[in-house]
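**Q** Build me a model from this:
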Amino acid sequence: MAPNTVVITLEKPENISLIELNDSKSGSLFPEKQKAASPKQFTWVLLLKAHRILAVIPWLAVSLWSVFGSVKQRIALSDSNEEDPKYRGRLYRFIKAFLAISVIALVIEIFAYFNKWDLSLVNPWEVEFNLVQWSYMAWLNFRVDYVAPLIMTLSKFCIVLFMIQSLDRFVQCMGCFWIKFKKLKPVVKEEVQSDIEDGSSNFPMVLVQIPMCNEKEVYEQSIAAACQLDWPKDRFLVQVLDDSDDELLQHLIRDECISWKEKGVNIVYRHRFIRTGYKAGNLKSAMACDYVQDYEFVAILDADFTPNPDFLKLTVPHFKGNPELGLVQARWSFVNKDENLLTRLQNINLCFHFEVEQQVNGLFLNFFGFNGTAGVWRIKALEESGGWLERTTVEDMDIAVRAHLHGWKFIFLNDVKVLCELPESYEAYKKQQHRWHSGPMQLFRLCLPAILSSKVSVWKKANLIFLFFLLRKLILPFYSFTLFCIILPLTMFVPEAELPPWVICYVPIVMSILNILPSPKSFPFLMPYLLFENTMSVTKFNAMVSGLFQLGSAYEWVVTKKTGRSSESDLLSLAERESKTLNEEKIQRRLSESGLEMLGKLSEQKEQMTPVVKKKKNKIFRKELALAFLLLTAAARSLLSEQGIHFYYLMFQGLSFLVVGLDLIGEQMS
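**A** Numbering: from 1, shown residues only. Coordinates of the predicted model:
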């Protein structure tokens with residue numbers, strides 16, 4: 001017993017039997033006053049806590065009212081031509097039905113919770129209850145016997161796929177670490193480099209193609225970059241393949257080509273009257289020209305790509321002395337990667353794609369998917385592989401697979417970078433991702449018989465079917481959407497089928513860290529990246545399903561919106577090469593039109609390009625909004641089960657879906 005404690009025992013213990021006072025000096029002299037003070041202090045403490053709680057309620061009410069007001073205003077001000085219904089379809093109806101059932105289940109669970117119904121261990125035939133209690137108890141028994149085992153079976157299947165895909169990504173990262181450790185990279189033989197530098201006669205003939213379609217923001221800089229490539233003027237030809245349907249823009253692009261031709265550049269302007277097949281049809285039409293047979297290689301540069309002048313000198317020499325080489329692919333570099341949160345998150349994804357996936361596959365397998373631009377092809381490889389086909393929306397992946405089946409090898413140059421820009425609005429990014437994930441499934445259906453009947457090794461067939469297509473193009477969007485957007489919220493209403501924390505937290509975080517390693521400056525965006533990738537899973541899943549089963553939106557081609565941003569170094573270089581005098585003279589040399597008329601058209605076109613003049617309202621994306629409310633409903637249900645990590649994940653993931661659904665990420669329109 002402590003020395004400063006006094007124990008007083010009373011003979012008649014009716015009222016009190018034992019009093020302990022920790023401070024004998026103050027408490028022993030006035031025991032009655034001490035007794036009287038304790039209940040009063042306790043009452044005041046309760047009142048103070050109640051006052052604090054009541055003070056928080058108006059603040060919460062005002063905050064919620066402000067949030068709902070913002071949501072209502074965003075929906076009211078959204079574009080009347082909101083998200084196209086073809087992007088929603090059956091999946092959207094399924095999510096809405098799931099949301100309605102979840103809300104009803106949440107109301108029932110809250111009612112049962114506050115009525116303290118604990119009926120899970122009672123047989124409904126042994127005890128008499130009212131109809132509501134009996135129905136709830138019957139649901140609990142049905143849930144345990146039938147629903148939970150079904151959910152657990154599906155979740156285990158998805159977890160196995162998740163772990164296989166994570167293992168594949170881990171192996172790729174180890175391959176990238178090995179490349180960095182051993183400093184492995186494709187190199188040009190010294191004798192080849194010296195031959196190129198000796199004289200222009202040793203330079204092979206190169207065709208430079210610039211496919212474009214209504215990209216008025218970037219046509220000037222893309223043509224200028226191609227025409228300024230450091231290659232003998234008589235050894236390369238620039239083909240501007242214009243698929244625009246705007247007559248004024250066609251005149252402007254044609255006049256830009258004439259201007260460069262007057263400066264001594266071999267450049268040709270081509271416009272198709274029958275615009276079929278999108279980009280593949282455009283490239284196929286260009287390769288049918290008679291003069292193409294004089295060229296050995298073709299470099300493809302999309303309209304927003306501005307290569308450095310030494311691009312051809314860094315890529316073409318790899319072909320000499322390597323007759324089996326069909327493609328040399330350069331890496332993309334982005335001028336607007338820090339423009340907003342959306343471009344930062346895209347930069348993380350694409351840095352991993354080039355640094356890890358393309359580099360590892362190119363060095364160890366001599367095969368990867370062609371990125372559609374910033375690459376140089378051996379024309380013979382294109383012709384032997386069947387040329388450009390219009391059967392899918394991923395003509396670049398199509399030609400790469402067919403060339404691989406014909407035995408051609410690929411090289412990826414991680415050190416050669418070509419500047420381009422990322423989509424800055426979620427609408428443009430979503431349409432791009434839809435095309436990128438529906439196209440591979442279309443291609444898989446079409447080329448599976450060719451893969452099985454080809455003469456390549458069994459290992460190459462297995463790599464194409466199981467790794468290239470199934471694991472990375474089908475399984476990844478399937479399990480990410482099913483596991484994290486369907487099964488996880490479902491387990492909140494079926495607690496018997498709970499997902500372990502390592503599935504929803506630890507493994508995804510580890511995989512996100514591996515994804516972000518190629519762009520270490522992006523580490524502060526680790527958690528937004530993880531949440532955003534799960535948010536994009538609904539778009540990728542929908543695209544994968546539409547491509548696999550050839551649904552309505554599978555063959556839609558939408559040109560990604562460009563902003564025409566250039567880096568400061570590009571602008572400085574162009575300023576040095578193009579003086580104001582040349583620009584003024586260029587206006588005077590325009591076909592049969594006078595300089596004054598063309599100047600007026602140029603001014604009018606410049607005004608149309610100004611973002612301030614052309615206003616556009618933000619869109620809302622109903623599928624993402626429905627999933628946001630579904631996940632937030634599941635988060636509210638997890639509070640009743642006191643599942644901490646599940647609650648935080650569902651809450652933040654639901655908020656990320658809400659932000660994306662209201663188009664609050666990326667470029668903001670006024």
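**Q** Report the contact partners of Leu531.
**A** Applying Cβ atoms under 8 Å, 6 or more residues apart in numbering to Leu531 gives the contacts Phe652, Gln653, Ser656. C-beta: built from backbone N, CA, C; applies to glycine.
**Q** can you rerun that using 6 Å?
**A** Gln653, Ser656 (Cβ atoms under 6 Å, 6 or more residues apart in numbering).
**Q** mind checking the SS state of it?
**A** Per DSSP: H, G, I helix; E, B strand; the rest coil, the local secondary structure of Leu531 is helix.
**Q** quick one: it from Ile486, how far?
**A** 17 Å (Cβ to Cβ, to the nearest Å).
**Q** any idea of the mean pLDDT in stretch 148-160?
**A** Stretch 148-160 shows a mean pLDDT of 95.
**Q** Same question for stretch 620-635.
**A** Stretch 620-635 shows an average pLDDT of 93 in the prediction.
**Q** Walking through the stretch 401-550 of the chain, point out its helices one by one.
**A** Applying DSSP state H, counting those that start in this stretch to the stretch 401-550 of the chain gives helices spanning 426-453, 458-462, 476-481, 488-493, 501, 507-516, 526-548.
**Q** For the longest one, list every residue counted as buried.
**A** I take that to be helix 426-453. Along helix 426-453, these residues count as buried under the neighbour rule (16 or more other Cβ atoms under 10 Å): 426-444, 447, 451.
**Q** try stretch 176-194
**A** Buried-residue list, stretch 176-194, by 16+ other Cβ under 10 Å: Cys176, Ile179, Pro186, Val188, Val192.
**Q** Closest one of those to Gly281?
**A** Pro186 (32.2 Å; Cβ to Cβ).
**Q** Identify all contacting residues around stretch 634-646.
**A** By Cβ under 6 Å, 6+ apart, the surrounding residues in contact with stretch 634-646 are 106, 109, 113, 489, 492-493, 495, 501, 505, 647, 650-651, 654.
**Q** For Ile258, pull up the helix or strand it's in.
**A** Following DSSP states H and E, one finds Ile258 within helix 247-262.
**Q** Give me the contacts around the next helix or strand after that helix.
**A** Downstream of helix 247-262, the first helix or strand assigned by DSSP H and E is strand 267-271. With Cβ under 6 Å, 6+ apart as the contact definition, strand 267-271 has outside contacts at Val238, Gln239, Val240, Leu241, Asp242, Arg254, Cys257, Trp260, Lys261.
**Q** residues in contact with the last one?
**A** I take that to be Lys261. Ile267.
**Q** before we move on, what about the third one?
**A** Going by Cβ under 6 Å, 6+ apart, Val240 touches Ile210, Cys257, Tyr269.
**Q** go again using 8 Å as the cut-off
**A** Ile210, Met212, Ile223, Ile253, Cys257, Ile267, Val268, Tyr269, Arg270.
**Q** quick one: which of these is nearest Glu624?
**A** Once Cβ to Cβ is applied, the member of these that ends up nearest Glu624 is Met212, at 31.2 Å.
**Q** What count of nearby residues applies to that closest one?
**A** Look at Met212: counted by other Cβ atoms under 10 Å, it has 25 neighbours.
**Q** Beta-bridge partners for it, please?
**A** Beta-bridge pairing for Met212 (DSSP bridges): Asp242.
**Q** of all the helices of the stretch 401-550 of the chain, which lies closest to Val376?
**A** helix 426-453 (22.1 Å).
**Q** What separation do you get for the nearest residue to Val416 once chain neighbours are set aside and Pro524?
**A** Distances taken as Cβ to Cβ, 6 or more residues apart in numbering put Ala330 closest to Val416, at 4.2 Å, once the chain neighbours are dropped. Note on Ala330: its distance to Pro524, by Cβ to Cβ, is 29 Å.
**Q** Between those two, tell me which one has more neighbours.
**A** Ala330 (27 against 10).
**Q** Tell me if I'm right that Val659 and Ile665 touch.
**A** Yes: contact criterion Cβ atoms under 8 Å: Val659 and Ile665 qualify, at 5.7 Å.
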